[in-house]
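In: turn this into a model:
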Amino acid sequence: MNNTHLLRVTLLAFATLAIVAATSLRTNAPPAEAMAPPVAPATTTAHLVGDRGDQGDSDAGCHRQDAAATALGPYAAPTGTWLRFDLAVQASTDMRGGHEERSDHHAQELAGALTVTVVDRIDDEIVVRLQVDAHASEAADAPADDSAATALTRALATGVQVRMRDDGDVLGLRFVGVTTAETRNWVRTLVASLRFVVDPNGAATWTTAEGDATGIARVAYSRIAATEIVKRKQAYKGGEHLRVEGHGTASFAPQVGWLAACEYREVLVLAVAELGAEIRLQLSTSARLREHGVTALADLPTAGWDEPWLSLDGSGEVATSSDAAQRQHMRDAIAGRSAARLVDRIATLLQPTDQDNTAALHEARTHLAWLIELDPDALFAVRNLALTADADLAAVVLSAVGSAGTPAAEALLCELFGGSGLPEALRRTAGVAMFQLRHPGERAFAMTWELASASAPAALRETAMLLHGAFCHAAPELAAGRSLRNLEQHAVRNGEVATWLDAIGNEGCDNNLDIAARYLRHDEPMLRQAAISAIRRMQSPAAVDLLVEATAASQSRSLRCEAAQQLAERGGERADGRVVDLLADPTDEAVRLAVLSGLSFRPRFGVEIEAAVRRLAVSDPAERVRAAASGLRDHIGAR
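Out: Predicted structure coming up:
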């Protein structure tokens, strides 16, 4: 794989800020959910900010719960309220360095009007509709991509419904009509940049853990005036190679019960050490309330409380295409295209170039996945093309097969992964593509089990073990009689115990806790480390006990740090008791830092931990610990 392509794949995997050029090739879901038609919000006379006009006398309450007009907190606008903001967004991606010392730049701008409509309220939850009437454009120094910009503006105008709490936190999204993965990522990042969470108790400072398209971030807030707050995004959980600096301000309009204005700027830097390269993403969003009014309740869309909602980070994205309108959209998008033409297009886009082809490459791959899903005959052509393609092209093509996820697509990947007469590299590529199967069937289980337990080449055997663990987690009902536990001696003979433990971790089953316990006491440090990592997805009290055991002074520093951070992130009486002990132990600076890192991702913790953090900030002998504790202490507010 050439370095330019690897940089772009790395960008696709990590850089998920809101620009079309920075979306993941691993996205599994071409279509989106069909919803009600968009709202036409301006059904009453609009009022300027600061002039409630007749809004206070309106009978527009909630569908199911009235919001008192006299109790307009930060997000207390009554059902039917609409608010129109002047919106401006700028986003850019820069890739610099690498063995070829090349530089790539892509930028995009969005300007126009954002309309927020309060659709419904129940208790402390709200459903709002966001619609953007705006123009999206490429920056002057970026290659034009009119089709992507048009798709974005169309999707933004159609709108998205956002489910949130009355403190401003976002609980989920429902997309309107048919969108692409690129536009959904754009919308997700826009929503995240407009999210300002208030403390319900009026604290001066508070800290939250907020998910977005990149991961879960620690965000610190402070109140600088009665109606104005500041937020700072400080770090991503598990983001050792990510550096983030995010800063935003928001002011609220009490006479409206919503944001009056907000600005947010973020810089995200990903270091790719093995390539000597750096990927830098920048985002700037500003919104200022221009006017507001009231929409008749009869004109509001259905809130859809009981419908499926997607998370802001994109996990659990619905990937099926059963809706007739969605399937028609897919047919229209791929009309006149053949598998050969799409594969040829992908091959062209993979060639080294000064132009950023990320969005176009993703679109071509998505269209190929749709074609495979809608036309079973296309799969035969894809099979023949994959057999003769080079490694880079085969990886993208087979990834599209995995995204399609049909029984026929699964059968093809199984055929290639298990094809003893095929090149090992192609077989492993097919195996990696199988990680995208959303609903693995019996054939996939049988294939991974056969390769994992047979005398196949080591790379294939290890891939099969990891796949089988993931499949057992996705469809445990099919795992009967094919437990990874039975492969222990096989892994020992082949020197693959660490990979086998990783596969056990993929399964994430507490019934395997005894395995982790045994290897946690193994003589080999690498296996102890793999065992503690495998516990991460196990949730039983016994798993916490093992983590506590792993923090003993007799264990290696790396093991203690991993276990300490897991305990700090988990919380609970048993875990927190050990966390307090570790913070009080002056013998290992690295362990105390690991605990503070884990605590930073919790929105709140008990008084004992808070007291320990405050003590470390003042008197810890290590400067780095004092600095980390001071940062955490500064954002501990009233709970």
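In: let me see the backbone angles for residue 160.
Out: With angles defined as degrees, to the nearest 10, residue 160 sits at phi -140, psi 140.
In: correction: residue 196
Out: Backbone geometry at residue 196, expressed as degrees, to the nearest 10, gives phi -130, psi 110.
In: with adjacent residues omitted, what lies nearest to it?
Out: Among residues not flanking residue 196 along the chain, residue 250 sits closest, at 4.0 Å (CB to CB, 6 or more residues apart in numbering). C-beta: built from backbone N, CA, C; applies to glycine.
In: which element is the one you found on?
Out: For residue 250, the element it lies in under DSSP states H and E is strand 242-253.
In: give the rounded mean pLDDT of the following helix or strand past that strand.
Out: As assigned by DSSP H and E, the chain's next helix or strand after strand 242-253 is strand 258-272. Rounded to a whole number, the mean pLDDT of strand 258-272 is 87.
In: what does stretch 298-305 give?
Out: 89.
In: mind checking the longest strand of the chain?
Out: Criterion DSSP state E: the longest strand present in the chain is strand 102-122.
In: name the helices or strands packed onto it?
Out: strand 81-97, strand 125-138, helix 146-158 (3 or more CB pairs under 8 Å, 6 or more residues apart in numbering; DSSP states H and E).
In: can you show me the strands along the protein?
Out: Using DSSP E, strands in the chain cover 47-48, 81-97, 102-122, 125-138, 160-165, 170-175, 205-211, 216-225, 228-236, 242-253, 258-272, 277-294.
In: just put those strands in CSV and tack on distance to residue 328 and mean neighbour count.
Out: Output for those, formatted as CSV (distance: least, CB to CB, whole Å; neighbours: other CB atoms under 10 Å):
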stretch, distance to residue 328, mean neighbour count
strand 47-48, 41, 14
strand 81-97, 31, 21
strand 102-122, 27, 21
strand 125-138, 23, 21
strand 160-165, 21, 22
strand 170-175, 17, 19
strand 205-211, 33, 20
strand 216-225, 37, 18
strand 228-236, 39, 19
strand 242-253, 40, 19
strand 258-272, 37, 20
strand 277-294, 34, 21
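In: now those strands as JSON lines including distance to residue 424?
Out: Shown next, in JSON lines, are the strands of the chain (distance: least, CB to CB, whole Å):
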{"stretch": "strand 47-48", "distance to residue 424": "69"}
{"stretch": "strand 81-97", "distance to residue 424": "31"}
{"stretch": "strand 102-122", "distance to residue 424": "31"}
{"stretch": "strand 125-138", "distance to residue 424": "42"}
{"stretch": "strand 160-165", "distance to residue 424": "45"}
{"stretch": "strand 170-175", "distance to residue 424": "41"}
{"stretch": "strand 205-211", "distance to residue 424": "38"}
{"stretch": "strand 216-225", "distance to residue 424": "37"}
{"stretch": "strand 228-236", "distance to residue 424": "36"}
{"stretch": "strand 242-253", "distance to residue 424": "33"}
{"stretch": "strand 258-272", "distance to residue 424": "26"}
{"stretch": "strand 277-294", "distance to residue 424": "29"}
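In: those: which one's closest to residue 401?
Out: Residue 401 sits nearest to strand 170-175 of all the strands of the chain, at 25.2 Å, using CB to CB.
In: chain center to that closest one, what's the gap?
Out: Its chain's C-alpha centre and that of strand 170-175 lie 13 Å apart, by CA atoms, centre = their mean, to the nearest Å.
In: same deal with stretch 414-427?
Out: Between the centre of stretch 414-427 and the centre of its chain there are 32 Å (CA atoms, centre = their mean).
In: that older thread, now the angle from the strand holding residue 250 to strand 258-272?
Out: 170 degrees (axes from the mean of the first three to the mean of the last three CA atoms, to 10 degrees).
In: return strand 242-253 as PDB; C-alpha atoms alone will do.
Out: What follows is strand 242-253, C-alpha atoms only, in PDB (Å, rounded to 0.1, in the frame of the first residue of the first chain):
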ATOM      1  CA  LEU A 242      -5.300  12.200  19.300                       C
ATOM      2  CA  ARG A 243      -4.700  15.800  20.600                       C
ATOM      3  CA  VAL A 244      -7.800  17.900  20.800                       C
ATOM      4  CA  GLU A 245      -8.300  21.500  21.700                       C
ATOM      5  CA  GLY A 246     -11.900  22.700  21.700                       C
ATOM      6  CA  HIS A 247     -13.300  26.000  23.100                       C
ATOM      7  CA  GLY A 248     -16.800  27.500  22.900                       C
ATOM      8  CA  THR A 249     -19.100  30.100  24.400                       C
ATOM      9  CA  ALA A 250     -22.800  30.200  24.700                       C
ATOM     10  CA  SER A 251     -25.300  32.800  25.900                       C
ATOM     11  CA  PHE A 252     -29.000  32.100  26.600                       C
ATOM     12  CA  ALA A 253     -32.100  34.200  26.000                       C
END
